[in-house]
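Undergrad: Have a look; sequence and predicted model below, questions after that.
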Amino acid sequence: MKYEDIIDKPYIKSHRHRMMSMRERAAQFSPFAALVGYDEKVKEKGRHVEKKIELDESAKDILDRKLYYMEANIDLEYVITYFKADDKKDGGAYMTTISAIKRIDKANKRLILSDDLIIAVDDIIDIDSTDVDLTAI
């Protein structure tokens with residue numbers, strides 16, 4: 001039979017080493033990452049990003065008229081849908097924000113919102129208002 005020579009011997013506690021907790025003992029047998037950072041790279045590769053929509057001339061014209069309206073009615077609150085580029089991959093995501101306009105920076109073609117968010121005009125795909133109907137513009 002196996003271990004016959006030690007099976008009945010009493011357990012001797014070490015005076016040099018403290019006893020490991022159950023958590024520490026379990027950690028010895030837990031899986032480890034053989035390739036550091038591999039899991040993060042796999043998750044990043046699988047993360048979905050959208051491609052930026054290029055507006056046609058008709059949609060650009062409607063957007064220009066809405067921007068012109070916004071310039072004259074800067075105190076209203078607007079619903080702006082825009083493209084935000086991803087920092088790590090080609091593509092990005094479409095975001096929607098509701099805010100008033102602080103100012104329109106024509107030189108740099110961007111909107112500065114009252115919450116200090118800056119949106120490039122070229123990234124905007126739609127503008128609506130919570131106060132007025134902009135579909136007739």
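TA: Yep, that arrived.

Undergrad: the strands in this protein, which residues?
TA: Applying DSSP state E to the chain gives strands spanning 77-85, 92-105, 110-113, 118-120, 124-129.

Undergrad: what's the closest of these to Lys60?
TA: strand 124-129 (10.1 Å; Cβ to Cβ). In this view, the C-beta of every residue, glycine as well, is placed from N, C-alpha and C.

Undergrad: Tell me which residues of that closest one come out buried.
TA: If you call a residue buried by 16 or more other Cβ atoms under 10 Å, then strand 124-129 has these buried ones: Ile124, Ile125, Asp126, Ile127, Ser129.

Undergrad: same thing with stretch 71-82?
TA: Tyr78, Ile80, Tyr82.

Undergrad: Span of it from start to end?
TA: 18 Å (Cα to Cα, to the nearest Å).

Undergrad: Would you pull up how far the lowest-mean-pLDDT helix or strand in the chain lies from the middle of the chain?
TA: Least confident helix or strand, the chain: helix 38-46 with a mean of 85, by mean pLDDT, DSSP states H and E. Taking Cα atoms, centre = their mean, to the nearest Å, one finds helix 38-46 lying 15 Å from the centre of the chain it belongs to.
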